[in-house]
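# 3D model of this:
(one chain, ligands or ions: 2)
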Amino acid sequence: MLNISSDQDLALSPAIGFSDPLHVYFLVGMSGRESRKALFRLLSRREILDNVLASDIVFEILDARIPEYLRNRFLERVAMNNGKRLVLVLNKSDLVPRSVISEWINYYRDRGLECIATSASTGDIRAVKRILREAGREIMASFFGAPKVGKSSLVNTLKGKKSATVSRYPGTPGYTKGIQVYRIYRNVYIIDTPGSLPIDADRLEMIIRTRPPEKIENPLGIAIELIERIERIMPGSIERAYGVSGKPLEILEVLAIKRGWILRGSGEPNIEEAAREIIRSYLDGRIRFYTKPDHMDIISKA
Ligand SMILES: Nc1nc2c(ncn2[C@@H]2O[C@H](COP(=O)(O)OP(=O)(O)OP(=O)(O)O)[C@@H](O)[C@H]2O)c(=O)[nH]1
Ligand SMILES: [Mg+2]
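Ligands and ions are numbered 1, 2, ... in the order given. Here you go, the predicted model:
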């Protein structure tokens with residue numbers, strides 16, 4: 001059932017041909033060197049198509065803090081063109097105020113998209129369960145999502161025990177490697193996809209989600225861009241997390257000094273270490289940050 005491949009169906013998706021994941025990297029504007037260093041397994045368009053065709057319901061898992069950065073239009077188009085039920089899932093909803101979750105749900109529903117919210121961490125996956133239970137017949141559901149959105153955590157919570165591997169930062173042991181199918185109810189099967197969706201819409205998210213923070217080549221540049229974005233969308237977030245304010249570089253310097261990260265020899269603050277800390281705490285939610293639908297103008301420019 002998982003190896004469905006029909007060239008006729010491929011014709012539905014004219015953009016096919018990017019079957020090599022490396023090409024997908026190039027699409028998001030990474031240099032060849034950067035793309036070869038990416039440790040993460042990204043799904044090729046061919047794999048996305050195969051998994052969608054094998055499914056009745058396609059869950060597109062998004063991080064509720066930044067859903068618009070992570071949506072994958074190719075997946076959505078393939079699911080809709082092939083008559084699959086597409087459900088956008090705002091996971092990590094525990095990190096976002098309830099009112100903002102409602103705003104996003106309304107935003108997507110107004111655009112004709114089914115959208116629900118979950119938190120694999122608090123175990124609140126009622127909305128997914130409801131959809132799976134109401135199916136009635138034998139169905140296959142698949143979970144797609146950018147790196148680190150909580151795909152495996154959701155699968156684990158659905159199964160009720162730790163069975164799919166979960167990992168905290170990109171490219172560290174525990175990231176999902178092979179295709180895994182689980183039977184969760186008598187007539188319901190789920191696929192934990194063997195990789196993640198590429199992030200076509202956002203270069204910054206693509207870089208920080210596809211490698212461990214210590215493997216990011218230019219952590220300084222990335223952290224500066226990240227701080228600028230966070231402050232543009234949610235001013236004061238960095239100060240609330242670290243008690244440090246100012247221009248991005250000043251923030252990194254003061255943070256390094258506060259933490260005692262000093263370069264041996266020169267005695268200068270180790271701002272690269274501070275940069276990696278910012279990236280880590282952005283990923284795991286220690287910096288409180290989220291977007292709202294009325295940030296759409298900034299989001300599309302950020
Ligand atoms: N706060 C919060 N954290 C979550 C939630 N779901 C997952 N996480 C955390 O997010 C990180 C990534 O979770 P995974 O389940 O490994 O995500 P994934 O999408 O399967 O990741 P890859 O397979 O590596 O792409 C882990 O540290 C999880 O604990 C959630 O609902 N809320
Ligand atoms: Mg996983």
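
# drop to CA atoms for contacts and neighbour counts, all remaining ones
Will do.

# roughly how far does P235 sit from ligand 1?
21 Å (CA to the nearest ligand atom, to the nearest Å).

# which residues touch P219?
Residues near P219 by CA atoms under 8 Å, 6 or more residues apart in numbering: P213, E272, A275, R276.

# if you set the cut-off to 6 Å instead, what comes out?
By CA atoms under 6 Å, 6 or more residues apart in numbering, the contact list for P219 reads A275.

# with the one 5 residues further on instead?
Under the criterion of CA under 6 Å, 6+ apart, the contact list for I224 reads P248.

# determine the number of other residues adjacent to I184.
If you count neighbours by other CA atoms under 10 Å, I184 ends up with 15.

# one more: V155?
26.

# same deal with the one 4 residues further on?
In terms of burial, K159 registers 16 neighbours under the definition other CA under 10 Å.

# so where does the residue nearest to it when sequence neighbours are not counted fall, helix or strand?
Residue nearest to K159 in three dimensions, not counting chain neighbours: I184, with 5.9 Å by CA to CA, 6 or more residues apart in numbering. I184 belongs to strand 180-185 when elements are defined using DSSP states H and E.

# so what touches that strand?
So strand 180-185 is contacted by K159, Y189, I190, I191, D192 (CA under 6 Å, 6+ apart).

# can you pick the most crowded of these?
D192 (25 neighbours).

# could you report the separation of that one from ligand 1?
8 Å.

# tell me the SS of I191?
Here I191 is recorded as strand under DSSP: H, G, I helix; E, B strand; the rest coil.

# pLDDT score for the residue nearest to K159?
At I184, the model reports a pLDDT of 83.

# please apply the same query to the one 4 residues further on.
V188 carries a pLDDT score of 88 in this model.

# show me what contacts it?
V188 neighbours (CA under 6 Å, 6+ apart): E138, I139.

# 10 Å - rerun?
Shown in contact with V188 (CA atoms under 10 Å, 6 or more residues apart in numbering): L132, R133, A135, G136, R137, E138, I139, M140, A141, Y182.

# distance of the last one from F143?
Distance check for Y182 against F143: by CA to CA, to the nearest Å, it reads 12 Å.

# which of these two has more residues huddled nearby?
F143 (25 against 18).

# just confirm that one is within a strand.
Yes - assigned with three-state DSSP, F143 falls within a strand.

# residue ranges with poor pLDDT in the stretch 1-150 of the chain?
1-40 (pLDDT under 70).

# which stretches of it form strands?
Taking DSSP state E, counting those that start in this stretch as the test, the strands found in the stretch 1-150 of the chain are 57-63, 85-91, 114-117, 139-145.

# can I get these in JSON lines including distance to ligand 2?
Listed next are the strands of the stretch 1-150 of the chain as JSON lines, based on distance: least, CA to the ion, whole Å:
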{"stretch": "strand 57-63", "distance to ligand 2": "11"}
{"stretch": "strand 85-91", "distance to ligand 2": "13"}
{"stretch": "strand 114-117", "distance to ligand 2": "18"}
{"stretch": "strand 139-145", "distance to ligand 2": "9"}
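
# looking at the ones you listed, which is buried most?
strand 57-63 (a mean of 26; mean count of other CA atoms under 10 Å).
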